[in-house]
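1. Got a sequence here, can you build the structure:
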Amino acid sequence: MPNRTSMEEAVTTEGITSVAPASTQSLFPILLVNFIGTLGFSVVLPFLVVIVLKLGGNEIVYGILGATYSFFQFIGAPILGGWSDKFGRKKILILSSAGTLAGWIIFLFALVLPVPKVSYSLLGGLFIVNIPLIIIFLARALDGITGGNISVANAYLADISAHKERKRNFGKMSASANLGLIFGPVLAGVLGATIWGNLLPVAAAAFISLVSIVVIAIKLKNVVPGQNVATQDVKLLLQKVSIFKLPDVSYFLVLYFLIFLAFNFFYVAFPVFVAQQLHWSVLQIGIFFSVLSGLLVLVQGPVLTILSNKFSSSVLVIAGCLLLAVGFALFMSSRDVIIYAGAFFFALGNGLMWPSFQAILSNIVTDKYQGIVQGYASSAGSLASILGLLSGAFLYKSMGVNIFLIATVLMVLIAISSYHMIAVEQKNNE
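-> Presented below is the predicted three-dimensional model:
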């Protein structure tokens, strides 16, 4: 596929702002939106498992709660991605952020209810449910069905980035998200230590979502991908068969699925492991994720910038996967120093792999396909999250920290499968 020039195609119909030249379009607004969105979620992340356990749930309930969000995101992300191709990125980002705001308000309502005295056990006691937990499930479902903001934001970034700048810009995008993950857990620890307990962090997440809507409305331009995006195009693109006919898309969607599967084994098992087995406090969990995110920002900033000038994106993907495999293996330890060593390898591997993977994915299709392809990629990740969180919860219950061995093996297999990416990248650079 021939390289695109830095000047994006302009669109001036029906009040939709044209895409500015990639070299002059500012990245700051979309990076700010990404930072704010991640900050809102990460304020709740450290103690979500604590809330579930406090309300009488267990690791199975925690896993299903995470899968609920992913299931509804699986449904909504490709639709929102297609709409963003038709109506522009800005409008869909506002819709998505509004859904997140509503979700946090419902979540907050669940927490003000009295602690339940009666819970219902299902599946032989494996699954425990009560009214507050049911309301929290509804909140996560609403946030999930409107949770296409990541895929739409990625499509927006691809729209305003020249071909050769995408790896660096996706690195900045990941770094902005990880900045949110640095401050969010710390903010959660501070707010959670007040007399309002868990209420204040969730209220803060709702307020942050409101700020996100305001920033999107004021700062972002409503860019669309190109002149040829029409209603009929979007209807055709919404059909999976059309997407899978595009060169290399199926290959990348499979890898996207496997990457998210490995990560979700970690995300469901690690918080439960450190909370139940190592007896980490909310503050300790928050500090860990803040340190992890700080390392990610360092890697995705100066480290990635230096290495991207020396190595191709495909090589960085392969190396990153192998480093992640080492990190997952180290998480099996009960010693804090080894767990933090695992965080170092996790940050180094993920920081090199993920922006490079996203850059190659964005370059295999033209502008008018960005939204829908990113939407289906998000759905592949959501499907992996559903399976990973559900199966991971049961696997952790039966095999404990040995679940990290499965994640380790998956990352090695992904590294091997990524060798084909070298040829794909070379073809797209011709």
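2. hey, where'd the helices end up in the stretch 1-150 of the chain?
-> Listed in chain order, the helices of the stretch 1-150 of the chain (DSSP state H, counting those that start in this stretch) span 28-54, 59-87, 89-112, 131-145, 149-159.
3. most tightly surrounded among those helices?
-> When the helices of the stretch 1-150 of the chain are scored by mean count of other CB atoms under 10 Å, the highest mean neighbour count falls to helix 149-159 (a mean of 27). For glycine as for every other residue, the C-beta is placed from the backbone atoms N, C-alpha and C.
4. If I take that helix and helix 89-112, what angle do their directions form?
-> Between helix 149-159 and helix 89-112, the angle comes out at 160 degrees (axes from the mean of the first three to the mean of the last three CA atoms, to 10 degrees).
5. name the helices or strands packed onto helix 149-159?
-> Applying 3 or more CB pairs under 8 Å, 6 or more residues apart in numbering; DSSP states H and E, one finds that helix 149-159 contacts helix 28-54, helix 59-87, helix 89-112, helix 166-192, helix 336-363, helix 370-399.
6. Distance of the residue most central in space within the chain relative to Ala347?
-> Centroid-nearest residue in the chain, with CA atoms, centre = their mean: Ile150, separated by 6.6 Å. Plainly put, Ile150 is 20 Å away from Ala347 if you go by CB to CB, to the nearest Å.
7. do Gly63 as well
-> 24 Å.
8. now the helices for the stretch 201-350 of the chain?
-> Secondary structure of the stretch 201-350 of the chain, counting by DSSP H, counting those that start in this stretch: helices at 231-237, 240-244, 249-272, 282-298, 304-308, 313-330, 336-363.
9. Tell me where the model's unsure across this protein.
-> Applying pLDDT under 70 to the chain flags the ranges 1-25, 45-46, 115-127, 148, 167, 223-246, 365-371, 429-430.
10. What about Ala329, how many residues nearby?
-> 17 (other CB atoms under 10 Å).
11. Ignoring the adjacent residues along the chain, who's closest to it?
-> Ranked by CB to CB, 6 or more residues apart in numbering and with sequence neighbours excluded, the top spatial neighbour of Ala329 is Thr408, at 4.7 Å.
12. Then Leu181?
-> Of all residues not flanking Leu181 in the chain, Ser293 sits nearest, at 3.5 Å (CB to CB, 6+ apart).
13. Also Val315?
-> With CB to CB, 6+ apart, the residue lying closest to Val315 is Ile422, at 7.3 Å.
14. Could you pull out the buried residues of the one helix or strand the one you found maps to?
-> With elements taken from DSSP states H and E, the one containing Ile422 is helix 420-428. Going by neighbour count (16 or more other CB atoms under 10 Å), the buried part of helix 420-428 is 421-422, 424-425, 428.
15. Give me the contact list for that helix.
-> 1, 248, 251, 312-315, 317-318, 360, 363-364 (CB atoms under 8 Å, 6 or more residues apart in numbering).
16. can you rerun that using 10 Å?
-> 1-3, 163, 247-248, 251-252, 255, 312-315, 317-318, 356-357, 359-361, 363-365, 418 (CB atoms under 10 Å, 6 or more residues apart in numbering).
17. just to revisit the earlier point, out of the helices of the stretch 1-150 of the chain, which gets nearest to Ser379?
-> Taking CB to CB, helix 59-87 is the member of those nearest to Ser379, at 4.8 Å.
18. roughly how far is the closest one from the heart of the chain?
-> 11 Å (CA atoms, centre = their mean, to the nearest Å).
19. and the gap between the closest residue to Phe260 other than its chain neighbours and Ala377?
-> Spatial nearest neighbour of Phe260, excluding adjacent residues (CB to CB, 6+ apart): Ala384 at 3.6 Å. For Ala384, the distance to Ala377 equals 11 Å [CB to CB].
20. Mind listing the shared neighbours of these two?
-> Contacts common to Ala384 and Ala377, judged by CB under 10 Å, 6+ apart, are 256-257, 260.
21. For these, pick the one with the most neighbours.
-> Counting by other CB under 10 Å, top hit in those: Phe260 with 23 neighbours.
22. my read: that one touches Ala407, true?
-> No. Between Phe260 and Ala407 there is no contact under CB atoms under 10 Å: 11.2 Å.
23. Now for the two: what residues contact both?
-> Common neighbours of Phe260 and Ala407 (CB under 10 Å, 6+ apart) are Gly388.
24. Do I have it right that Ala67 meets Ser382?
-> Yes. Because the distance of 9.3 Å satisfies CB under 10 Å, Ala67 is recorded as touching Ser382.
25. Tell me who's in contact with Ser385.
-> Applying CB under 10 Å, 6+ apart, the residues contacting Ser385 are 66-67, 69-71, 73-74, 144, 257, 260-261, 263-264, 267-268, 392.
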